[in-house]
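1. only the shape, not the letters, is given here:
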């Protein structure tokens, strides 16, 4: 009886997982196949196209009206710089808040916690005026600075990770004559690879797909990001060229997919190294 119940539970679990997999993969497969389908229609009687074409991908880069290649380079630059600066700022700030005790520490944590409770778009007007005063509107510098600085408010995950690292490691290193910087670089960074991987991935993905702030700051078409450019593409054609939009969406997904696969290996290495050193 127990064996029958366990087999039934296992079967139900597999059925649920298959349904979830189909629900996740089918839309992605539909978009990929739509990008390879001739024509521009959103509707098609068959999922699998009768003919395959790469004309939509060629049009993205050859049609000067879209400037898709420029948008792609802009987004890649912004997302990469945001990933680097966000990881550095969040790691250093949360390490200081976790390992050191100084005046105003609790106040800083409380303020960060309260600010993190509010949606980020509530501060768009204030940020816009601030950037206007600094003459940073319509620049990629403004985008990178706001993305990187704003990521620090969500650094409690990093602080919680550092709080779990035994202080005996710090004390042993201090006895051996190591400085705070040496402790951070040689001990904390190797142990924090899993959380650093998570920060890097989420920072890159957030900057890669963001639309609201980029649409507010970037006014020149040559400086747009992919999200703004793709929105303008749909708005200009009134949804009449879906296959072209699908081709652009497929190319957008490639860097995030590659980055996730690449960082996934480092995530496993970081977990194993952290476990062995802990």
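-> That came through, no problem. All values reported here derive from a predicted model rather than from experimental measurement.
2. pretty sure residue 202 is one of the things residue 83 touches, is it not?
-> No. The pair residue 83 and residue 202 does not pass the contact test of C-beta atoms under 8 Å, sitting 9.0 Å apart. Every C-beta, even on glycine, is put in place using the N, C-alpha and C of the backbone.
3. list phi and psi for residue 220.
-> The phi and psi torsions at residue 220 (degrees, to the nearest 10) take the values phi -80, psi 140.
4. buried set for stretch 145-162?
-> By neighbour count with 16 or more other C-beta atoms under 10 Å, stretch 145-162 contains the buried residues 145-148, 150-155, 158-159, 161-162.
5. what of stretch 164-175?
-> Buried-residue list, stretch 164-175, by 16+ other C-beta under 10 Å: 165, 170, 173.
6. count of neighbours near residue 227?
-> Neighbourhood size, residue 227 [other C-beta atoms under 10 Å]: 20.
7. sorry, that was for residue 177
-> Counted with other C-beta under 10 Å, the neighbours of residue 177 add up to 7.
8. over to the one 4 residues further on?
-> Burial of residue 181, expressed as a neighbour count using other C-beta under 10 Å, amounts to 8.
9. now the one helix or strand it maps to: how far from the chain's centre is it?
-> Using DSSP states H and E, residue 181 maps to helix 180-183. From the chain centre to the centre of helix 180-183 is a distance of 29 Å (C-alpha atoms, centre = their mean, to the nearest Å).
10. tell me the buried residues in that helix?
-> Judged by neighbour count (16+ other C-beta under 10 Å), helix 180-183 contains these buried residues: residue 183.
11. mean confidence score for it?
-> Across helix 180-183, pLDDT averages out at 81.
12. give me the contacts around that helix.
-> 169-170, 173-174 (C-beta atoms under 8 Å, 6 or more residues apart in numbering).
13. closest one of those to residue 94?
-> residue 170 (15.3 Å; C-beta to C-beta).
14. test my guess that that closest one contacts residue 99.
-> Yes. Applying C-beta under 8 Å, one finds residue 170 in contact with residue 99, separated by 6.8 Å.
15. overlap in contacts, those two.
-> Residues touching both residue 170 and residue 99 by C-beta under 8 Å, 6+ apart: none at all.
16. the helices in this structure, which residues?
-> Along the chain, counting by DSSP state H, helices occupy 2-35, 55-62, 68-99, 105-116, 124-133, 140-151, 156-164, 167-175, 180-183, 189-191, 193-209, 212-217, 226-237, 242-277.
17. those helices: which one's closest to residue 47?
-> helix 2-35 (6.3 Å).
18. how far out from the middle of the chain is that closest one?
-> 26 Å.
19. pLDDT weak spots in the stretch 151-278 of the chain?
-> 237-240, 265-278 (pLDDT under 70).
20. dump the residue contacts of residue 208.
-> Contacts of residue 208 by C-beta under 8 Å, 6+ apart are 75, 79, 226, 252, 255-256.
21. how close does it get to residue 84?
-> Residue 208 is 14 Å from residue 84, where distance means C-beta to C-beta, to the nearest Å.
22. can you check residue 57 too?
-> 29 Å.
23. try residue 50
-> Look at residue 50 and residue 84: by C-beta to C-beta, they are 46 Å apart.
24. the two: which is more packed in?
-> residue 84 (15 against 9).
25. if we can go back for a sec, quick one: which of residue 83 and residue 202 has more around it?
-> residue 83 (24 against 15).
26. circling back: which one, of the helices of the chain, ends up nearest to residue 45?
-> Here helix 2-35 is closest among the helices of the chain (C-beta to C-beta), at 12.8 Å.
27. which residues touch stretch 164-171?
-> 99, 183, 187-188, 191, 278.
28. quick one: it to chain centroid distance?
-> The answer for stretch 164-171 is 30 Å, by C-alpha atoms, centre = their mean.
29. chain neighbours aside, what residue packs nearest to residue 205?
-> Nearest residue to residue 205 in three dimensions, chain neighbours excluded: residue 256, at 5.6 Å (C-beta to C-beta, 6 or more residues apart in numbering).
30. who are the contact partners of that neighbour?
-> Going by C-beta under 8 Å, 6+ apart, residue 256 touches 204-205, 208.
31. residue 120 reaches residue 147, doesn't it?
-> No. Residue 120 is beyond contact range of residue 147, at 10.1 Å (criterion: C-beta under 8 Å).
32. pretty sure residue 156 is touching residue 110, no?
-> No. With contact defined as C-beta under 8 Å, residue 156 does not reach residue 110; the gap is 11.8 Å.
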